[in-house]
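[1] No sequence on hand, only this structure:
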């Protein structure tokens with residue numbers, strides 16, 4: 001089904017259903033491939049991929065173990081290690097954003113971190 005702009009409909013249920021066929025990093029799938037699998041349209045557009053990414057965020061916020069890395073694409077975690085790798089990737093990406101904010105505001109990252117009460121490095125890296 002398509003919306004009134006001609007974009008394929010992608011919904012939370014359809015994304016979760018499709019990801020159930022991609023359990024484990026070795027079965028990962030790119031955003032474009034996942035959109036094509038969900039919609040049946042091999043010509044995924046930027047809008048559809050963006051919508052997919054937004055839905056992935058919502059699934060994660062609901063506790064689903066949706067993993068994604070540049071090397072493997074999107075997949076459901078099969079092991080704790082896969083889940084931890086994705087969490088580490090997300091943590092590193094968030095810290096990059098926080099470093100940019102600190103630089104733009106001309107304050108130190110520890111000062112910004114203190115305001116947000118966040119650790120400077122991940123628990124796994126610190127160990």
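    Everything's here; your move. Everything numeric here is computed off the predicted structure, so don't read it as measured data.
[2] now the helices for the chain?
    Using DSSP state H, the helices assigned to the chain run over residues 12-19, 31-39, 46-61, 80-104, 109-116, 123-126.
[3] got the angle between the longest one and helix 46-61?
    Note on geometry: by axes from the mean of the first three to the mean of the last three Cα atoms, to 10 degrees, helix 80-104 and helix 46-61 are set 110 degrees apart in direction.
[4] mind giving me the domain ranges of the chain?
    Listed domain ranges for the chain are 1-78, 79-127 (source: automatic domain parsing).
[5] Dump these to CSV, plus mean pLDDT.
    As requested, those are exported to CSV (pLDDT from 0 to 100):
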stretch, mean pLDDT
domain 1-78, 89
domain 79-127, 80
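[6] Turn those domains into a markdown table, including mean neighbour count.
    Using the backbone N, CA and C atoms, a C-beta is placed for each residue, glycine as well. Written out in a markdown table, the entries for the domains of the chain read as follows (neighbours: other Cβ atoms under 10 Å):
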| stretch | mean neighbour count |
| --- | --- |
| domain 1-78 | 16 |
| domain 79-127 | 12 |
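[7] Could you pull up the residues touching residue 72?
    Residue 72 is in contact with 25-26, 28, counting by Cβ atoms under 8 Å, 6 or more residues apart in numbering.
[8] which residue sits farthest out from the middle of the chain?
    Within the chain, residue 106 marks the point farthest from the mean C-alpha position, 29.0 Å out by Cα atoms, centre = their mean.
[9] Next one: it from residue 112, what distance?
    According to Cβ to Cβ, to the nearest Å, residue 106 stands 11 Å off from residue 112.
[10] Likewise for residue 94?
    With the distance defined as Cβ to Cβ, residue 94 ends up 12 Å from residue 112.
[11] Chain neighbours aside, what residue packs nearest to residue 25?
    residue 72 (4.3 Å; Cβ to Cβ, 6 or more residues apart in numbering).
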